[in-house]
Every structure is written in C-alpha cells, then in structure tokens.
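**Q** pasting the sequence and the predicted model now:
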Amino acid sequence: MSAAVAIDARLIKRFAAAAGSPQFELNFHLQASSGVTALLGPSGAGKTLTLNCLAGFVRPDEGRILVQDELFCDVARKVHVPPERRRCGYIFQEETLFPHMTVGENLRFAVDSARTRSKVLRRRYAQELLEGFELAELGGRRPHELSGGQRQRAVIARALAAEPRILLLDEPTRGLDHRLRQSFYEILRRAKERLAAPIVMVTHDAEECFELADFVYLMDGGRCLQSGPLEQVFNRPLTVDLARSLGLFSLLPCQIVTLDPGRNVSRLRALEQELDGPYLPAHLKGDRGWLCVRRSELRLAAPGDRNARNMLRMRPQRVVKSTKGVRVEFADQFAVELGEAEYAEWRGSRELTVLVPPGAVSFLSK
Amino acid sequence: MPPVLGLLASDVDLFPLWLSLRVAALATAMTVVAGLAIAYLLSHKQFPGRNLVDAFFTLPLVLPPTVLGYFLLVLLSRHSALGGLWERVTGGPLVFTWQAAVLAAFVHSAPLFIKAARAALEEVNYRYEWAARSLGASEWITFFRITLPLAARSLLALGSLCFARSLGDFGVTIMLAGDIPDRTQTLSVAIYDAVESGNGALARVLVLIVSALALSVLWLANHWIAGRATRQAS
C-alpha cells in the first residue's frame, strides 16, 4: 500500500468448535489508507469479525490496532480503548436508526455523543447534515415513516454527524434492490468526498467493489488470500479458487506449449486449440494449469472472420439472462457476457468463435 | 343492600389496604431499581459465576415462601449482623415491622422481575446499542437513552406485575413481619386472620378488594404489552 497507512491492524481471534460450528481462527493483517478498502469474501470469512475488532466490540486474542497513530488496542500491553472513544462510524447490515427517535433526534444524538464541537455548534452541524443529505424536511419523522432511500441517507448522515475517524460498512447494500443500491453508492461517494477518514467496507459482492473500492482484501477462512489495488486483484487473481469465488472470470484447463522471452509471449493449448498469451516467468514448457480471462474481456466473432486472431471455437451449452444482458456458457467454467443486442447476431448458432485478447490472459497453476 | 357492601360501607378497618398499597409501591420501586441493575448485569456482562448469580436470583421463585421467610428471619434477626446493623442505624429492630413487610414483598417479587427484565433487555437488538456506542455514547448513556426506552413497555408491564405480586404476598410477609393489627397486617394477612377468626363477611370484602386491585393492575400490564405487540407488528 503506497499511500500513508491510516489503519494498521494485526488481528488474531480464535473460536473453539461449538455445536454446529467448527473451530475458527481469524489471522489477518489489515492496512488501509484514505479511500475505500473492501474486505471481500464468502460468509464466514471473518470480514464482520474484523470490523467488530476495529470498532472495539470484540477483543482480539492477540494483536494490535493502530488508527491514525492512535493505539486502539494492544493485547500484549493490555490496551483496549472502549468503542465510544474510538469514534468509528459503523454502518451495520441491519438498519440501526433508533426507532424511538426522529431523524433529527438521531443526528443530534450522534453530535451530542461525539462531543467534537461546542454545544452551540452541534445543533448547527446536525442541521447542516440534514440539509446536505436532503433530509431537512424529514427531520421530524420517525425512521419507519421514511422510504428505503431516505433511511439510507439518514444512516450515513448520522454516522458522519459523529465525525468518525474511520467509517466501517458491513454489507451496507444487503437486501436492497438495484435502484436503492445505486442511490446508496452515490450517497457514499458524496460521503467519501466529505470525509477524509478511511472507509473499510465488508462485502461479498465483487460488483460492489468496482463501484466503491480503491483497495481490496480477498478473505476466506479467517485469512487474507490476496490483497492489492482493485484493478490488480481483479485482473490477476492468484489462484483458481480465488478466480472462481470472484465469479468474474472464465477458466479453461490448458498447457503451456511455447515460452518466448524474446518476444515476451507464450502459447497455450486449450480444447485442442492454441492461443497467444503473455510471457509466463517461473513456468516451464509443458506445465499444466488454467487459462483465466475476465468475462468482460471476451468477445464473439463470426466463424469465418479473417481479421479475428487468438480465438477459440466452442459449442454454447446454455444461455442465461444476466444483469449485463446475457451470459453464454460453454464447457467447464468458460462463459462470455455480452449485451442482448450483441448476442442477437449469434442467437441459435451451434458453434461460436470467442476472441481472447492475449493481454487479458492469465495462467493459474493452482 | 347486600351484606358485603353493607360491611364495606360501615366500619371495615382499611389499614391493611393502605399498608399493602404502601408496601407494594415501595417494594416495586426497590424491585425496579435493583432488579434493572441485576438484569442488565446478567444480560450484558460476561463474568465468572454468571450462571450461579442467575440461579441465586431465581431461587426465591422455586423455594416455598416459608423457607424463604425463615432464611430472612435468620439473616435479619436482632442477633444477626445485618439485623444488628439495622438496629444500630435506625434504633429499632427490622423484623416484625412494616419495613420488614416491604422487604418480604421485595424478595417475593424481585426474582420474577429480574428474570423477565433480563429477557426484555436481551430482546433489544444489540446493534442499536453498538450503533450508539460507535457514535460516542458511553455505556451509561446508551442504557438510559437507547436500551431503556426500547424496552420501556415490557419493563412497565413487568413493574405492574411486580406490584400485583407484592400486593398478594403472604408466606414471606407473615414469617418476617408477622400479623400485628394496625402495624404489620397487610391485606393477605388480614384475610387469613379474618378466616381464622370466623369473620367470613370481612374476609369476603378484603378478598374482593385484593381481586379488584390485582385485576386492574393486570389489565394495565396487558394494555402495555398489547400496545408493544401492536407497535412491533406495525
């Protein structure tokens, strides 16, 4: 991570096996700078547990949490700053606007509790936030009287009212429809501009990372499997399992046929056809593995297209509707995503030609 | 005029009624304050021996009132440490006084309150409390401004149930406060006394009073609980 590190947390937390749940250990080193850091992984990966440790609701068994040069927790030195003194704005999976207070009272509760401003300025700041998040007319309403979008705005406004040092988001769009999700992303982008503090977001949705994240940690089983800037992680997953779990890649078993360091290229054989790829350092000719390409990089071409290079001829097995149009699925786990209009040209074909850009090809050996 | 109403209109000694109301009110106040603190500890804090503490406060619910009364009698008699301390501070013994009746009613009703208040506090979604803490509110403020208002209806209903239960205590009260007319004789004890002495008409009047009072309080409790259920459903 190149920018100045705002959060440096080494966390170890163990849970003994209990009825219905196996033993679990979180062993994770998180470093985050300003911007949005996403913790991406399946349920039970330890993502929410990490947020709870950062916020102070769970004490790690070992480790240390440093946020903007302030020590939140150091197990060895028996330091544990209580949650209310950490000032972590925490947005939970479930909506937590206090139901017995109006929206205005929710915000005033936050500014009063944070005590970051004098009494005179607190009310003014709460009012500013109500206006900034288009809630001024709704300040007197209870949460159940608001629409889904209004509630989201109120939740974020309340978190910002406490002027947090870090903002923690735990699957904030879970259960929201597409329209509300988009509106949430927009509100959060605005909040990001307002807030200089780093944001740590838990999600199990890779698409959500594209909307918001600058830096990504891929987690599973309490450990970090890969981390890096968004583009790096999503262009070059380290393992086949990671590529599969992200759900963004097409994979095919393949073998290295040629390695040419002079021209910086390789040649791979898959489905008895050959393709160009980038040079693969630390691999040998004859190595077997998986060809991995982002689905969005793949295109279809006419079978007789003479200009088409680096292509695979494949039989489509299934066509399913997707959010981006259609997903044409082939053998193994190979699929192409394209718009419905684009697919209309190839509808009904028994064999399709898939163009594979050489620069988009990765070779995964494990 | 029916004989019961006639008796009511004449010279029924209403001291047991007023004493019972006073005892029940004080015992309920003590129960709510102490019971809330204990229920909060049991519902929100992890500490060694928590289950033992829980069992200790549940015990009065299952022990026969006479056994409970006997324990208290031994614990608070003039020769005991606690009884001696009370006597040094107030100048008189605790047992066989109206204050002892308050303590008896408290011991009789507090376990019920603690058990149910713990459940009511646990029912409040902990994420509201976490949200408040993460906004900077102390545990104290979170309790008074978030947890308590969200559990208020259940706790009010519980408070009224405890009042009704305090009003009806007999076993512990007679063991600890005795049956001294115009001093420690509560309604339940007065009913027992009236039946024992063959004064059936007086017993019927007092029974009617206790039943009407208990019914009103229970109706109030149901009203609060029903209001809460309606709010949750909406």
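**A** It's in.

**Q** would the longest helix seen in chain B count as contacting chain A?
**A** Scanning chain B for the longest helix, with DSSP state H as the assignment, gives helix B:200-233. No. Helix B:200-233 stays clear of chain A (C-beta under 8 Å from any C-beta of the partner chain), getting no nearer than 9.0 Å. Backbone N, C-alpha and C define where each C-beta goes, glycine included.

**Q** list the buried ones in stretch B:151-168?
**A** B:151, B:153-168 (16 or more other C-beta atoms under 10 Å in any protein chain shown).

**Q** mean confidence score for it?
**A** For stretch B:151-168, the mean pLDDT works out to 90.

**Q** ditto for stretch B:67-80
**A** For stretch B:67-80, mean pLDDT is 90.

**Q** buried residues, it. List them.
**A** Across stretch B:67-80, burial judged by 16+ other C-beta under 10 Å covers B:68, B:69, B:71, B:72, B:73, B:76.

**Q** so which of the residues you listed belong to helices?
**A** Counting by DSSP H, the buried residues of stretch B:67-80 place B:68, B:69, B:71, B:72, B:73, B:76 in helices.

**Q** need the pLDDT of residue A:269.
**A** 92.

**Q** where does pLDDT dip in chain A?
**A** A:1-3, A:303-308, A:366 (pLDDT under 70).

**Q** in contact with the most centrally placed residue in it, which residues?
**A** Taking C-alpha atoms, centre = their mean, the centroid of chain A lies closest to residue A:209, which sits 3.4 Å from it. Neighbouring residues of residue A:209 by C-beta atoms under 8 Å, 6 or more residues apart in numbering or on different chains: A:38, A:40, A:203, A:216, A:230, A:234.

**Q** the fourth one belongs to a strand?
**A** Right, residue A:216. Yes. Applying DSSP: H, G, I helix; E, B strand; the rest coil, one finds residue A:216 inside a strand.

**Q** who does it form a beta bridge with?
**A** residue A:38, residue A:228 (DSSP bridges).

**Q** that older thread, tell me the one of the contacts of residue A:209 nearest residue A:178?
**A** Using C-beta to C-beta, residue A:203 comes nearest to residue A:178 of the contacts of residue A:209, at 15.5 Å.

**Q** surely the closest one touches residue A:39?
**A** Yes. The pair residue A:203 / residue A:39 is scored as a contact, 7.3 Å apart, by C-beta atoms under 8 Å.

**Q** OK, contacts around residue 57?
**A** Using chain A here. Taking C-beta under 8 Å, 6+ apart, we find residue A:57 in contact with A:83, B:130, B:133.

**Q** sorry, I should have been clearer: chain B.
**A** Per C-beta under 8 Å, 6+ apart, neighbours of residue B:57: B:38, B:42, B:110, B:111, B:114, B:115.

**Q** hmm, try it at 7 Å
**A** For residue B:57, the contact set (C-beta atoms under 7 Å, 6 or more residues apart in numbering or on different chains) comprises B:38, B:111, B:114.

**Q** for the strand ranked longest in chain A, the distance to its chain's centre please.
**A** Using DSSP state E to define each element, chain A has its longest strand at strand A:249-260. The chain centre lies 28 Å from the centre of strand A:249-260; the measure is C-alpha atoms, centre = their mean, to the nearest Å.

**Q** so what's the residue count around residue A:206?
**A** Residue A:206 sits with 18 neighbouring residues when counted by other C-beta atoms under 10 Å in any protein chain shown.
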